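Peer 1: based on what follows, work out the 3D shape:
(chains A and B)
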Amino acid sequence: GAGVSQSPRYKVAKRGQDVALRCDPISGHVSLFWYQQALGQGPEFLTYFQNEAQLDKSGLPSDRFFAERPEGSVSTLKIQRTQQEDSAVYLCASSSVTGGYTFGSGTRLTVV
Amino acid sequence: AQSVTQLGSHVSVSEGALVLLRCNYSSSVPPYLFWYVQYPNQGLQLLLKYTSAATLVKGINGFEAEFKKSETSFHLTKPSAHMSDAAEYFCAVSDLTTGNQFYFGTGTSLTVIP
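Peer 2: The predicted model follows:
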């Protein structure tokens, strides 16, 4: 596609519920990144894929967070047993081998 | 490790006045530096980037930034603020050694007063 597409745009989850956030990167982009942006803060790195390989997951805040990119294109960020502190905007970005970096519009997760 | 510090979480300027948003970085290797703008409920849009070429970088919407190694700074400027410049601005650094991961500052909210 022309840009990085994220869905849903908004998600309200009850505490304890599992959620799945989807990222559809720009076609052909090898690298894919997930960031978490808390209210009033800058984005913070969560995890990075190169094709289907998850090369860095050092930013995932707990073992409740899990990301996958099984075919090297679409990625899903899953959060199990959501907590209120998980409320944030989750941004996905993809980049080409030349380094052009494009962000999606994000998914705003609110845990109630 | 890489990091950026944005001085001033809120900046207000009058329409037509100079915009100056400050960013200082910390990097153990030559950095790549970026400024992004974020409008409400939208993603991040690249304004400009420094990738070790010219130290004065021109971006979109009349913005520019100057890389000053001696001051470890990459301040963003625009000669004349427009109402449409009101947004959140983020400085970011990347060193391309960690998968091109970005490290963002906490952001500066720009208000333009008519």
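
Peer 1: any stretches of chain B with poor pLDDT?
Peer 2: B:96-99 (pLDDT under 70).

Peer 1: contacting residues around the residue of it at minimum distance from chain A?
Peer 2: Going by CB to the nearest CB, chain A is nearest to residue B:104 of chain B, at 3.4 Å. Yep, even glycine has a C-beta here, placed from its N, CA and C like the rest. When contacts are counted by CB atoms under 8 Å, 6 or more residues apart in numbering or on different chains, residue B:104 touches A:35, A:42-44, B:4, B:36, B:90-92.

Peer 1: and with 6 Å instead?
Peer 2: Counting by CB atoms under 6 Å, 6 or more residues apart in numbering or on different chains, residue B:104 touches A:42-43, B:90, B:92.

Peer 1: residue B:79: which of those residues is nearest?
Peer 2: Comparing those against residue B:79 with CB to CB places residue B:90 closest, at 21.2 Å.

Peer 1: show me what the helix or strand harbouring the closest one is packed against.
Peer 2: Using DSSP states H and E, residue B:90 maps to strand B:87-94. With contacts taken as 3 or more CB pairs under 6 Å, 6 or more residues apart in numbering or on different chains; DSSP states H and E, strand B:87-94 sits against strand B:32-38, strand B:103-104, strand B:108-113.

Peer 1: which phi and psi values does the closest residue to residue B:48 other than its chain neighbours adopt?
Peer 2: Counting by CB to CB, 6 or more residues apart in numbering or on different chains, residue B:59 is the residue found nearest to residue B:48 once chain neighbours are left out, at 2.8 Å. When read as degrees, to the nearest 10, the backbone of residue B:59 gives phi -120, psi -160.

Peer 1: quick check: residue B:59 vs residue B:65, distance?
Peer 2: Going from residue B:59 to residue B:65 by CB to CB, to the nearest Å gives 7 Å.

Peer 1: quick one: residue A:94 and residue A:25 touch, right?
Peer 2: Yes. With contact defined as CB atoms under 6 Å, residue A:94 reaches residue A:25; the gap is 3.3 Å.

Peer 1: identify the contacts common to those two.
Peer 2: A:4, A:32.

Peer 1: neighbour count: the two, which is higher?
Peer 2: Using other CB atoms under 10 Å in any protein chain shown, the more surrounded residue of residue A:94 and residue A:25 is residue A:25, with 28 against 25.

Peer 1: I'd say that one and residue A:32 touch.
Peer 2: Yes. Residue A:25 is within contact range of residue A:32, at 5.2 Å (criterion: CB under 6 Å).

Peer 1: thanks again, I'm all set now.
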